[in-house]
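Novice: curious how this folds, go ahead:
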Amino acid sequence: MPGNLFLPIDIDRGANSIDDGQRPWAHEDVHPWYNNAGILLHLVEPDPTGELPQDGYQTRVGADTTVKVTVKNKGSQPMNGVEVQAWVFPPGIGVMRPGLAIRSFVSDGAAVVPAGGVTQFTLVQNWKPDQTELDRSSDGHVCLVANCFQNDTVQNPEGHLAPLDGDHSDLHPDTNQHQGQLNIMLLPAPRVTRKLPKKVPTTTYPPPGGEQAFTVSAAHVTTKPSSVQLSVLAKHPGVVATEAGLARGELSLTTSNGPVPITVGTEPPGFELTPGLVPGLDTRFRFDVDRPDRVETDLAVQLPDDPEVGSLHTFDLGLFDERGGLVGSGLRVMILVTE
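Specialist: Numbering: from 1, shown residues only. Down below sits the predicted model:
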């Protein structure tokens with residue numbers, strides 16, 4: 001979709017950012033488009049336990065929470081009348097729609113995005129999650145989708161207001177530069193439980209229609225953690241991060257024997273999907289016409305034998321069509337082996 005406004009995927013890379021608003025995103029080697037670094041959870045008050053950062057990727061039951069979204073203008077003139085919407089979903093894969101969100105947010109009036117610059121919006125509707133809302137998350141990691149647009153006070157406005165609770169308004173952050181998504185989770189795996197499968201709660205969002213065949217697949221990731229992955233890890237309790245270390249992609253984990261480096265797990269884990277409406281991994285199937293709009297598809301991950309403390313095991317989960325194309329959003333999952 002042409003235009004000057006977009007939600008920059010790799011805004012956290014500063015001067016090294018390569019996102020110019022072109023979609024589809026062609027730089028999966030930097031990090032997936034569904035790991036947008038400009039979308040954050042914001043705790044209105046600092047976390048009393050000190051475990052969660054005020055701006056980060058997690059919330060907790062009862063914490064007064066909202067969303068921050070960064071919008072960029074690649075044009076040579078300021079963009080007036082810009083507003084932002086956002087939605088919170090249980091982490092998952094597939095095609096998400098506003099009507100399936102846990103909570104929706106909207107900015108408090110319009111702002112100006114300067115020429116060639118960025119504006120960070122703090123959305124005003126606060127949310128205090130209850131346990132039910134976070135049951136399908138992992139330690140408070142949720143999926144965030146955002147949409148930016150110019151309001152109708154602007155002649156020929158760019159972007160479109162999406163119905164906050166629309167059941168038939170699919171969100172397409174993969175192809176629409178005005179939309180973005182943060183869909184990443186981090187789960188600690190104590191080494192003493194390494195022989196037990198690690199449960200990853202996920203949700204599948206079926207696309208419209210019921211004729212096409214799909215598969216759900218998981219792919220082991222062994223590349224160096226992206227800047228967003230490093231940011232998520234750096235905010236996890238027990239992880240030690242320095243500015244120089246982050247620049248080099250190096251983090252460490254505090255243990256009883258002192259800090260140990262966080263390393264990439266290169267041996268692939270085992271995966272098993274709880275059978276149900278989705279029959280299992282890498283098995284072709286069709287969604288029933290009367291299927292629910294959200295399908296719980298829990299994944300059991302078996303880590304390799306005797307994993308090292310500090311090893312990071314990463315994989316992407318996705319819903320794929322008959323041609324092997326990703327349908328809607330993927331989900332990046334990181335499992336960090338702790339003591």
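
Novice: and Glu133, what element?
Specialist: helix 131-134 (DSSP states H and E).

Novice: as CSV, could you dump the C-alpha coordinates of that helix?
Specialist: The C-alpha trace of helix 131-134 is given here as CSV (Å, rounded to 0.1, in the frame of the first residue of the first chain):
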residue,chain,number,x,y,z
GLN,A,131,-6.1,-14.2,34.9
THR,A,132,-8.6,-15.4,32.2
GLU,A,133,-7.2,-12.9,29.8
LEU,A,134,-3.6,-14.1,30.3
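
Novice: pLDDT of the helix or strand following that helix, averaged?
Specialist: Using DSSP H and E, the helix or strand that follows helix 131-134 in sequence is strand 143-150. Across strand 143-150, the average pLDDT comes to 96.

Novice: mind listing the strands strand 143-150 pairs with, and their directions?
Specialist: Strand 143-150 sits in its sheet next to strand 79-89 (antiparallel), strand 179-182 (antiparallel), going by DSSP bridges.

Novice: okay if I get these as TSV plus distance to Arg323, mean pLDDT and mean neighbour count?
Specialist: All C-beta spots, glycine's among them, are computed from the backbone N, C-alpha and C. Shown next, in TSV, are the strands paired with strand 143-150 (distance: least, Cβ to Cβ, whole Å; pLDDT from 0 to 100; neighbours: other Cβ atoms under 10 Å):
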stretch	distance to Arg323	mean pLDDT	mean neighbour count
strand 79-89	26	96	23
strand 179-182	22	97	27
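
Novice: columns distance to Ser226 on top of these, output as JSON lines?
Specialist: Shown next, in JSON lines, are these (distance: least, Cβ to Cβ, whole Å):
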{"stretch": "strand 79-89", "distance to Ser226": "21"}
{"stretch": "strand 179-182", "distance to Ser226": "12"}
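
Novice: and Val289, which of these is closest to it?
Specialist: strand 79-89 (22.8 Å; Cβ to Cβ).

Novice: now the strands: where do they sit in the stretch 51-200 of the chain?
Specialist: With DSSP state E, counting those that start in this stretch as the criterion, the stretch 51-200 of the chain has strands at 55-56, 65-73, 79-89, 92-94, 103-106, 111-113, 118-122, 143-150, 179-182, 184-190, 198-200.

Novice: after the last one comes which helix or strand?
Specialist: For strand 198-200, the succeeding helix or strand toward the C-terminus, using DSSP H and E, is strand 203-205.

Novice: that older thread, and the helix holding Glu133, which residues are buried?
Specialist: Within helix 131-134, the residues that qualify as buried by neighbour count (16 or more other Cβ atoms under 10 Å) are Glu133, Leu134.

Novice: centre of the chain versus that helix, how much separation?
Specialist: With Cα atoms, centre = their mean, to the nearest Å as the basis, helix 131-134 stands 18 Å off its chain's centre.

Novice: coming back round to it: so which of the strands of the stretch 51-200 of the chain gets nearest Pro8?
Specialist: strand 65-73 (4.6 Å).

Novice: what packs against the closest one?
Specialist: Judged by 3 or more Cβ pairs under 8 Å, 6 or more residues apart in numbering; DSSP states H and E, the packing partners of strand 65-73 are strand 5-6, strand 39-43, strand 79-89, strand 111-113, strand 118-122, strand 143-150.

Novice: save those strands as a markdown table, and put in distance to Glu267 too.
Specialist: Below are the helices and strands packed on strand 65-73 laid out as a markdown table (distance: least, Cβ to Cβ, whole Å):
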| stretch | distance to Glu267 |
| --- | --- |
| strand 5-6 | 38 |
| strand 39-43 | 32 |
| strand 79-89 | 31 |
| strand 111-113 | 45 |
| strand 118-122 | 40 |
| strand 143-150 | 28 |
